[in-house]
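K.L.:
sequence and predicted model, in that order:
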Amino acid sequence: METDPAEIKKLGKEKEDENWKFRTFLKMCDTPSKEIDAIVHRLYEQISSEIDCKTCRNCCKELLPVLDEEDIEMASQVLGLSVDQFTEQYLVMDEFEREYTFDKLPCQFLVDNKCQLKNYRPKSCKSYPYLHKEDFTQRLISAVRNCSVCPIVYNVYEQLKEELQFDPQSDEFGYDDFDIDFGFDDFDLDDFDDFDLDLDDLDDFDPINTEYEDA
């Protein structure tokens, strides 16, 4: 099992074409979506029990969470600031001008690899990496991206390939640029409410999902 974030980033880049091909495989294979969900949930439970997120925190260093009104109010209270003060000091409007996100990476509230907001961190942070959700095959764009960020996602994706007997050398499951760049079947509007998108690099296009529960 690979747990080093630096190695995950390297492997994610090396396996990028293979991961997109596996996405197409998952879309086209005969395995029912609910069965794939069950496998992903089982792998997630197993792998997350062996990887301590508290010693990693790579998501805090690589991704920008989007904060809703409740998130902003709670964080403001923890820091003893007004909502306006907190917004001015720590937030920027995201690319679509829909929600606020933190203005720096790594997250400025990550100190000594610990979140200073603790239980009051944004809901999207608490819920990452979202592998507990249903309909995994409808959120594969984010899964491919997160293979380069999160050791748990990387290992779940790799073991899922093995369990479904995916052959990366096969030419049967290709992909095209339109499918990768847009992939409208992979997300709904809620998928934009979680982490900020880097529109300057479409290869990193990442509509991550919103389902909130403590990590």
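P.N.:
Okay, I see it.
K.L.:
tell me the helix or strand right after the lengthiest helix in the chain.
P.N.:
Identified as the longest helix of the chain according to DSSP state H is helix 33-48. Sequence order places helix 58-62 as the next helix or strand after helix 33-48, per DSSP states H and E.
K.L.:
what ranges do the strands span in the protein?
P.N.:
With DSSP state E as the criterion, the chain has strands at 66-67, 91-93, 100-102, 110-111, 114-115.
K.L.:
for the longest helix of the chain, name the packing helices and strands.
P.N.:
helix 151-163 (3 or more Cβ pairs under 8 Å, 6 or more residues apart in numbering; DSSP states H and E). Yep, even glycine has a C-beta here, placed from its N, CA and C like the rest.
K.L.:
hmm, back to that, output the longest helix of the chain as PDB, restricted to C-alpha atoms.
P.N.:
Backbone C-alpha positions of helix 33-48 (Å, rounded to 0.1, in the frame of the first residue of the first chain) are rendered in PDB as follows:
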ATOM      1  CA  SER A  33     -23.400   0.600 -10.100                       C
ATOM      2  CA  LYS A  34     -24.600  -0.600  -6.700                       C
ATOM      3  CA  GLU A  35     -22.200  -3.500  -6.700                       C
ATOM      4  CA  ILE A  36     -19.300  -1.100  -7.500                       C
ATOM      5  CA  ASP A  37     -20.500   1.200  -4.700                       C
ATOM      6  CA  ALA A  38     -20.400  -1.800  -2.300                       C
ATOM      7  CA  ILE A  39     -16.800  -2.700  -3.300                       C
ATOM      8  CA  VAL A  40     -15.700   1.000  -3.000                       C
ATOM      9  CA  HIS A  41     -17.300   1.300   0.400                       C
ATOM     10  CA  ARG A  42     -15.600  -1.900   1.600                       C
ATOM     11  CA  LEU A  43     -12.200  -0.900   0.200                       C
ATOM     12  CA  TYR A  44     -12.600   2.600   1.700                       C
ATOM     13  CA  GLU A  45     -13.400   1.200   5.100                       C
ATOM     14  CA  GLN A  46     -10.400  -1.200   5.000                       C
ATOM     15  CA  ILE A  47      -7.800   1.200   3.600                       C
ATOM     16  CA  SER A  48      -8.900   4.200   5.700                       C
END
